[in-house]
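[1] One predicted model, sequence on top.
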Amino acid sequence: MTEYTPPLRDIRFAFDEVCDLPSLLKLDEFDHVETDMVFAVLDEVGRFAAEVIAPTNVDGDQIGAQWIAGSDTDDGWAAVSTPESFRSAYAKLVDSGFNAIPFEPDFGGGGFPWLVALAVQEMFTSANMSLSLCNLLTQGAIDALQHHGSNEQQATYLPKMLTGEWSGTMNLSEPQAGSDVGAVATKAVPTGRSDGSYAITGTKIWITHGEQDLTENIIHLVLARTPDAKPGTRGISMFLVPKFMPNEDGSLGERNDVEVVSIEHKLGIHGSPTCVLSFGEKQDGAIGWLVGDEFTGMANMFTMMNNARLSVGLQGLSLAEMAYQHSLAYAHQRLQGTAPDAERGVQSPIIEHPDVRRMLMTQRSWIDAMRYLMYFNGATLDRSRSLDPAVAEWSTRLAALLIPMSKSIGADVGNELTSIALQIFGGMGYVEETGAAQYLRDIRIAAIYEGTNGIQGQDLVMRKLGGDEGSTVNEFLSSFDDTIAALANDPTMEKFARQLTASFDDARRSSDWLNANDDVLNKLGGASPYTRLLGTALCGALAGKAALAAQARLDGVDVSDADRSFFDSKIVSARFFGEQILPTTSGLAATVMAGADDLFAMTADQF
C-alpha cells in the first residue's frame, strides 16, 4: 500500500488553532514569511509526498538497501545501493528545493519556521520513512554546523547540504559505546598540516545513511578524542569528515578514508542503510576538521540530537497517520458479520462494529493530540529565537521540557497505533501483501534510537523536572487554567474538564513526589511512567484547546457543510481523548509513586 493523502487540513488546523502561526510569523526572524505562503508551500509538499515519495515505500521494504563489496572497478571501496525508485525520487527532491525550507537564506534556505519543517517531515515520513531519514540526518547536521561550524565550514558545506546534493550524518555510537557515549574511543590526532586537520581512526556503528548512492557527497559529524582528552564525555570533540574532499571550486576531490564495512539486517526500515563505518583503515586516518572548540563535542552533538529527538517523535505520528488511513479504508471495504443495528443476515462493513469504532477513534484522537504536541513543541523552538528576552527564556525552557515527551509519546503511541491498525486488518494485516505489517515493523525503532525512551524519561525527571524543582512543569500546567474553565462552561465538555483537572492533579502529585524523593532509584524507577503521564495530560490539554477553537469556528457565521463536518470531528476526537484516554493518568500516577522497592526485590539471578 503506497497511497497517501496528506492531512493538509489537519496540519493547518494545528498551525492556526494550537500553535498560533500568525503570531509566530510576527517574530523578526520570520517577518518575510506570510501565512498564505506557508500553506501554498505545504500544498506542494503534500502533492510531492503523495505522488513522488509514497510510491517508493514498498521498494524500500522489499528491495531495501544492499551492501556491495569493494572491487577493482571502484578502487576497492565498498558501497551501498538503494532501490532505483529512491534515486529517482531523491533527485526530484533535490530539484524541488524543499530540503532548504527552514534554513538560513544566507546559504540558500527559505528561512521558514521550524514548525513548517516539521510538517514537511511529517508528510515525507508518512510517505516513506526509510527515504526521509536521509533528509532528517542532513537537517540535523546542517543545524549543528550553523550553530558551531566555522565560517569556512559553513560556506563550503552548507549550500550543497541545504539543496540535498550533499547529505549529513551523526557518528556517535561504537561497539563498546552505545547510549554510554562517554566510552567513545575513536581517535583524532593532528596531522601537522597548515589546514589544522586531524587524522581520524576508529569504528562507528548504527550510522543512518552513512553510505548510500543518493547524494554526491556525505558529510560525517564524528565524535572522537584528541590526544589530551579527559575520560568520559568531557573529553569528546566533534569533527567534520567528508566522504570526498571538496576542491576550492566546490567540485569533489580525492576520496577520504571512510568506508562502509557492513549494513545491518533490520526488522524494519529496510531501505535506510544502517552502517558500520571504518575511519582510517586504508590510509593513515580519515581527514577531518574540528567543529567548534575542542572538548565541546557532546554539547555540539546535542544541537543535532534535540531536533532529531523531536523528529523521531514525529515519526510515530507519521506512521500512525499512514496506518490509520489504510486501516480506515479497509474498515469501510471489509464486510464481516452483522452490525448490531443492521438487517439480520446481511454482512456489514466492519466500521459498523463497536470494537472497530473504538480502535479507529483511539487512532484518530491520539493522532490529533500527538500532532498538537509535536507542532506546539516545534513552535516553542521557533519562539526561543524571539528578540524579547522573556519570550525567548520561557520558550527555551518549555521546548527543553517538551522534547523528551514528544519523543517518547510519539514513539510509544506510534507503536501502539500501528499495532491497532494491523488489528483492524485482522489476518490480512498479518500477511505482508496488505502493507500493514510494514508500518509496525518500520516504527518499532523509534522508541530505541536517538536515546531510548527510558533515557528520555531519565532526562525529563532528573534534568528537566529536577533542574528547576518543577517550576516549568507547574507554570505550563497553570497556563491551561482558562482552557479548563472554558471546557467546564460547555455542557458537552464538562466531563472532559473534570478529567483534565484530575489528570493535571495526577501530574502535579507525581511531580512533587519525584522532586521530594531523595532515592535516585525511586526517581528513575518512575521516570518512564511519569513521561507517559505528563505527556498524556498535556496532549489532553492541547486537545481541549483545539476543541474550543473548533467550537468557536462552528459558532461563527457562514460555516459550510464541509467546514461544519470537519470542526465537529475535531470536537468529537478531543472529547474522546479527554473522556477515554486521559483517565489512564490515574494508574500511571500510582505506578510513578509506587517506588522502586519491587523492582529490586529479586536479585538479578532470580529473574
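    Looks like it arrived, so ask away.
[2] how long is stretch 513-520 from one end to the other?
    Across its full length, stretch 513-520 reaches 12 Å end to end, with C-alpha to C-alpha, to the nearest Å as the criterion.
[3] Buried residues, it. List them.
    Neighbour-count burial for stretch 513-520, with 16 or more other C-beta atoms under 10 Å as criterion, is recorded at 513-514, 517. Any C-beta I mention is one placed from the backbone N, CA and C, and that applies to glycine too.
[4] quick one: contacts for residue 412?
    Taking C-beta atoms under 8 Å, 6 or more residues apart in numbering, we find residue 412 in contact with 316, 447, 453, 532.
[5] Sitting in strands, which of those do you find?
    Counted as lying in strands by DSSP state E, out of the contacts of residue 412, is not a single one.
[6] Tell me the one among these nearest to residue 362.
    When the contacts of residue 412 are compared for distance to residue 362 (C-beta to C-beta), residue 316 wins out at 14.3 Å.
[7] what's around that closest one, how many residues?
    Taking other C-beta atoms under 10 Å as the neighbour definition, residue 316 ends up with a count of 30.
[8] Over to residue 423?
    Summarising burial for residue 423: neighbours were counted as other C-beta under 10 Å, giving 15.
[9] Grab the nearest non-local neighbour of it.
    When the adjacent residues along the chain are set aside, residue 423 lies closest to residue 359, with 6.3 Å between them (C-beta to C-beta, 6 or more residues apart in numbering).
[10] Now do that neighbour, the pLDDT please.
    The predicted local distance difference test score for residue 359 is 98.
[11] from memory it sits against residue 422, does it?
    No - applying C-beta atoms under 8 Å as the test, residue 359 and residue 422 come out as separate, 10.3 Å apart.
[12] any common contacting residues for those two?
    Among the neighbours of residue 359, those also in contact with residue 422 (C-beta under 8 Å, 6+ apart) are residue 327.
[13] Could you give the secondary structure assignment for residue 546?
    Remark: residue 546 carries the secondary structure label helix [criterion: DSSP: H, G, I helix; E, B strand; the rest coil].
[14] before we move on, what about residue 80?
    Assigned with three-state DSSP, residue 80 falls in the strand class.
[15] all strands of the chain, in order?
    Taking DSSP E, the strands of the chain run over residues 66-68, 79-81, 166-171, 187-190, 198-208, 217-224, 237-242, 244-246, 252-255, 258-263, 274-279, 286-291.
[16] Buried residues of the first one, list them for me.
    This points to strand 66-68. Neighbour-count burial for strand 66-68, counted by 16+ other C-beta under 10 Å, picks out residue 67.
[17] and if you look at stretch 353-369?
    Neighbour counts using 16+ other C-beta under 10 Å place 353, 356, 359-369 of stretch 353-369 among the buried residues.
[18] picking that back up, closest to residue 386 among the buried residues of stretch 513-520?
    When those are compared for distance to residue 386 (C-beta to C-beta), residue 514 comes out closest, at 30.6 Å.
[19] so that closest one touches residue 595, yeah?
    No - here residue 514 does not reach residue 595: they are 10.6 Å apart, not a contact under C-beta under 8 Å.
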